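Engineer: structure of the sequence below:
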Amino acid sequence: MRRIARRDFLRYASAAGAVARAAPATGNPSREGVTQIGSASVRISAADYAPVPDYPIRPQRHSSVRMTDRFWKPRLARNAEVTIPFEMQKLAEMERGFSFNVLEAAILSLATHPDARLQAEVDAQVLRLQQSQRTGNSSFEVAATHFTITGRRVLLDRAIEGAEALYNDFRVRNPPFSGGERDAINCVQLYRATHDKRHLDLAKHYLDIRGLPDSANRSRHNQSYKPVLEQSEAVGHAVNCVSLMVSLVDVGVLTAANRIWMRLTGCGSTSSSGRCTSPAASEAPATRGSANPTLSRTSPPTRKPAPR
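Structural biologist: Numbering: from 1, shown residues only. Predicted structure coming up:
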């Protein structure tokens, strides 16, 4: 029997399941609630809204927080001294491609744990990124982080040029959706650095065209099997699903359309135990009898109160 990669299996199995579910409804698309509108009918910047400059509640800057406890402080130090330098060394050895998560982690780490050698490696990767060909929006978040931490615009200006190319492509060609779960998040982070409404329009558009009938590689595995506002199940890959939900919250808040999140999940907050008020994403089915399945496969252990 021919072996198949797990990710490919999940993608093909999800597609096959979707076809099987849709088959009985042939001739009556409304039974599945699947929209028949195509991306050609959804235009970028068509919605009239007043963008919000930023989140109503904003976290402290990473460099403004100091851990003094016995749990997080040594782990952050180990990341800064061992893990991140090791990952940056691996990144330097790559013949092509980038790991933007590693680069972003190094930029953030340097703000609290200065390291001349690591700084030189970051500078080299930033220069390498500047000289690489612009593709998609995957570098937007690290560009925004680099600008926020250092005040330098070298990556931000490059990201702005890339966003302009994407925006103009959607205005002229209006291609169907073919991206990933972080498209909207990347554009949101760029918007938070620039406050350019077009960057928020990009984020919203990636969500608007996701899962339309002409989308590429439609799959339950990555929650693109139908438009996001027609989805009512938390299905597929857990990380992908949560990334999509985060995107919906981000765009919903910043476009003053919070109802997007409520319409999708009915979950506006979590309890102190981390449980959502409606079913959340998980690759594994919810435990039988559990009214509020959590994001993880198992619920966190219940801690007994310490004796007085």
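Engineer: can you list the domains in this structure?
Structural biologist: With domains defined by automatic domain parsing, the chain comprises 68-132, 151-268+277-284.
Engineer: would you map the strands across the stretch 51-200 of the chain?
Structural biologist: With DSSP state E, counting those that start in this stretch as the criterion, the stretch 51-200 of the chain has no strands.
Engineer: residue boundaries of the helices in the stretch 101-250 of the chain?
Structural biologist: Listed in chain order, the helices of the stretch 101-250 of the chain (DSSP state H, counting those that start in this stretch) span 116-131, 140-150, 154-172, 183-194, 197-208, 238-254.
Engineer: what score does Lys90 have for pLDDT?
Structural biologist: Predicted confidence (pLDDT) for Lys90: 87.
Engineer: same question for Ile209.
Structural biologist: For Ile209, the pLDDT comes out at 91.
Engineer: now the helices of the stretch 101-250 of the chain as TSV including mean neighbour count and distance to Pro59?
Structural biologist: Using the backbone N, CA and C atoms, a C-beta is placed for each residue, glycine as well. Putting the helices of the stretch 101-250 of the chain into TSV (neighbours: other C-beta atoms under 10 Å; distance: least, C-beta to C-beta, whole Å) gives the following:
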stretch	mean neighbour count	distance to Pro59
helix 116-131	14	23
helix 140-150	23	12
helix 154-172	17	20
helix 183-194	24	12
helix 197-208	24	19
helix 238-254	21	14
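Engineer: between the ones you listed, which one is nearest to His221?
Structural biologist: helix 238-254 (7.2 Å; C-beta to C-beta).
Engineer: for that closest one, C-alpha coordinates in CSV please.
Structural biologist: Extracted in CSV, the C-alpha atoms of helix 238-254 (Å, rounded to 0.1, in the frame of the first residue of the first chain):
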residue,chain,number,x,y,z
ALA,A,238,-6.8,23.0,15.5
VAL,A,239,-4.0,25.6,14.9
ASN,A,240,-5.5,26.6,11.5
CYS,A,241,-8.9,26.9,13.0
VAL,A,242,-7.8,29.1,15.9
SER,A,243,-5.8,31.3,13.5
LEU,A,244,-8.9,31.8,11.5
MET,A,245,-10.9,32.7,14.6
VAL,A,246,-8.2,35.2,15.7
SER,A,247,-8.4,36.8,12.3
LEU,A,248,-12.1,37.2,12.6
VAL,A,249,-11.8,38.8,16.0
ASP,A,250,-9.0,41.1,14.8
VAL,A,251,-10.9,42.3,11.7
GLY,A,252,-14.2,42.4,13.5
VAL,A,253,-12.9,44.7,16.2
LEU,A,254,-10.8,47.0,13.9
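Engineer: other SSEs contacting that helix?
Structural biologist: Where contact means 3 or more C-beta pairs under 8 Å, 6 or more residues apart in numbering; DSSP states H and E, helix 238-254 is packed against helix 183-194, helix 197-208, helix 259-265.
Engineer: out of the ones you listed, which comes closest to Asn137?
Structural biologist: When the helices and strands packed on helix 238-254 are compared by C-beta to C-beta, helix 183-194 sits nearest Asn137, at 4.4 Å.
Engineer: residues in contact with the closest one?
Structural biologist: Contacts to helix 183-194, defined as C-beta atoms under 8 Å, 6 or more residues apart in numbering, come from residues 51, 54, 136-141, 143-145, 147-148, 156, 159-160, 163, 196-197, 199-200, 202-204, 206-207, 243, 246-247, 250-251, 254.
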